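Asks: below are the sequence and a predicted model; questions follow.
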Amino acid sequence: MDSNVGESISTDDQRPNNILDILNDHCIQEIFTHLCTNLDFLNVAGVCKKFRENARKSLLACFKKLSIDNYICFSDVPPKRIPSFLRIFGDQLNMINLNYTATSQEIPHSDYIRLGHIDMITNYCSKTLLQLEIACSNDVQLDMEISSQFVVLEKLSINSSTINKLSPFPKLKELMLFKVKVKNCDWLKYEFPKLEQLYLLTDGLNDELFIEFQKKNPQLKSLTVIKSSLSSCIFQNIETRLPNLEELVYIAREDIHQFNANDFLHISNLTKLKCLIISERRLPKEPLIKSLGKKKVPIKKLEINDVLRR
């Protein structure tokens, strides 16, 4: 019996004091795959270096997107902990939705940094980020002259803000500027080599520069211009600048006085056009419709001065 007691004591002495001594990386990563939120991953990453390394390796695809909001109930991670999450997991994120929800007062610049503003996203996420959405309910001014650092970004959406500068992104396929005021239009002089979709609900654009933009980007397949400062002259000879256009949406602004119905007839020269939506109360339907039919444009959806159904 004494020998059995000795063996029992010896076995107890060999037990590890820390469970981490018997859990290999594969076991830890398997456990982490059952975590439910971005915050869970941040919490375990803060335990120790070993947990941090394994949390990074086990981050699931569904957690490689992040919503940042100054209201905690809308943010995937509490605002004060956003910097820590970006430092640890930023180089694995594919999508970020940066939303500055309206508040009673303007958010100071220091809060933008704290909440994960563009500078922080650029530092930690620019090599892997595919989609960036910025919604600024306050009068936020953005300097987006950071394109060379976002080497794989494919979609950029900016809502309700002012853009001081914007430069081309090498892999950008979709650009949406919604309720945006553009102070500097130099970006219209550049080539966006991969851009296929452009959505503009924007103040501050001018016809001449936008026509130049079309020349620089003939690969464009979808163009939406809604209540912007652009007039009908952007359609003159559009077929020579945007021969690959398949979708065109133009909703005119009533205070734009420059108008020529003949400008719209050039649209019928777009041989790949499949969807055409135009809302311009001064435009007669019949000439354009007849021209589209005569030139056998492969239109599948056509709305001219009709109520849009969404």
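Replies: Happy to help now that I have it.

Asks: contacts made by stretch 59-66 with the rest, please.
Replies: Contact with stretch 59-66 is made by 33, 37-38, 41, 76-77, 85, 89, 92-97, 131, as judged by CB atoms under 8 Å, 6 or more residues apart in numbering. Using the backbone N, CA and C atoms, a C-beta is placed for each residue, glycine as well.

Asks: among those, which lie within strands?
Replies: Met95, Ile96, Asn97, Gln131 (DSSP state E).

Asks: what is the strand ranked longest in the chain packed up against?
Replies: If you go by DSSP E, the chain has its longest strand at strand 155-166. Packing partners of strand 155-166 (3 or more CB pairs under 8 Å, 6 or more residues apart in numbering; DSSP states H and E): strand 131-136, strand 141-144, strand 174-182.

Asks: now do 10 Å
Replies: Applying 3 or more CB pairs under 10 Å, 6 or more residues apart in numbering; DSSP states H and E, we find strand 155-166 packed against strand 95-100, strand 131-136, strand 141-144, strand 174-182, strand 197-203.

Asks: tilt between that strand and strand 95-100?
Replies: Angle, strand 155-166 to strand 95-100, by axes from the mean of the first three to the mean of the last three CA atoms, to 10 degrees: 50 degrees.

Asks: pLDDT averaged over strand 155-166 - what is it?
Replies: Averaging pLDDT along strand 155-166 yields 85.

Asks: list the strands paired with that strand, with their directions.
Replies: strand 131-136 (parallel), strand 141-144 (parallel), strand 174-182 (parallel) (DSSP bridges).

Asks: which of the residues in that strand are buried?
Replies: Lys155, Leu156, Ser157, Ile158, Asn159, Ser160, Ser161, Thr162, Ile163, Leu166 (16 or more other CB atoms under 10 Å).

Asks: farthest-apart pair in these, please.
Replies: Lys155 and Thr162 (20.7 Å; CB to CB).

Asks: of the contacts of stretch 59-66, select the buried ones using a ChimeraX command.
Replies: Buried residues among the contacts of stretch 59-66 (16+ other CB under 10 Å), as a ChimeraX selection:
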select :38,41,76,77,85,89,92,93,96,97,131
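
Asks: if we only consider the contacts of stretch 59-66, which is nearest to Phe264?
Replies: Closest to Phe264, out of all of the contacts of stretch 59-66 and judged by CB to CB, is Gln131, at 33.6 Å.

Asks: coming back round to it: deepest-packed of the strands paired with strand 155-166, please.
Replies: Most buried of the strands paired with strand 155-166, by mean neighbour count (mean count of other CB atoms under 10 Å): strand 131-136, with a mean of 20.

Asks: how far does that one sit from the chain's center?
Replies: 5 Å (CA atoms, centre = their mean, to the nearest Å).

Asks: domain ranges for this protein?
Replies: With automatic domain parsing as the criterion, the domains of the chain are listed as 18-60, 61-304.

Asks: from these, which stretch is densest packed?
Replies: Highest mean neighbour count among the domains of the chain (mean count of other CB under 10 Å): domain 61-304, a mean of 17.

Asks: endpoints of that one, how far apart?
Replies: Domain 61-304 has an end-to-end distance of 42 Å (CA to CA, to the nearest Å).

Asks: what does stretch 270-285 give?
Replies: 17 Å.

Asks: so for that stretch, what's the average pLDDT?
Replies: On average, stretch 270-285 scores 93.

Asks: adjust the sequence numbering to begin at 788 for everything that follows.
Replies: With the count now opening at 788, the last piece we talked about shows up as stretch 1057-1072.

Asks: adding distance to Phe1022 and mean pLDDT, write the strands paired with strand 942-953 out as a markdown table.
Replies: What follows is the strands paired with strand 942-953, written out as a markdown table (distance: least, CB to CB, whole Å; pLDDT from 0 to 100):
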| stretch | distance to Phe1022 | mean pLDDT |
| --- | --- | --- |
| strand 918-923 | 30 | 86 |
| strand 928-931 | 28 | 67 |
| strand 961-969 | 20 | 89 |
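
Asks: nearest to Leu810, out of these?
Replies: Once the strands paired with strand 942-953 are compared by CB to CB, strand 918-923 is nearest, at 35.3 Å.

Asks: Thr1058 reaches Glu1026, doesn't it?
Replies: Yes. Thr1058 is within contact range of Glu1026, at 7.5 Å (criterion: CB atoms under 10 Å).

Asks: give me the common contacts of the two.
Replies: Leu1032 (CB atoms under 10 Å, 6 or more residues apart in numbering).
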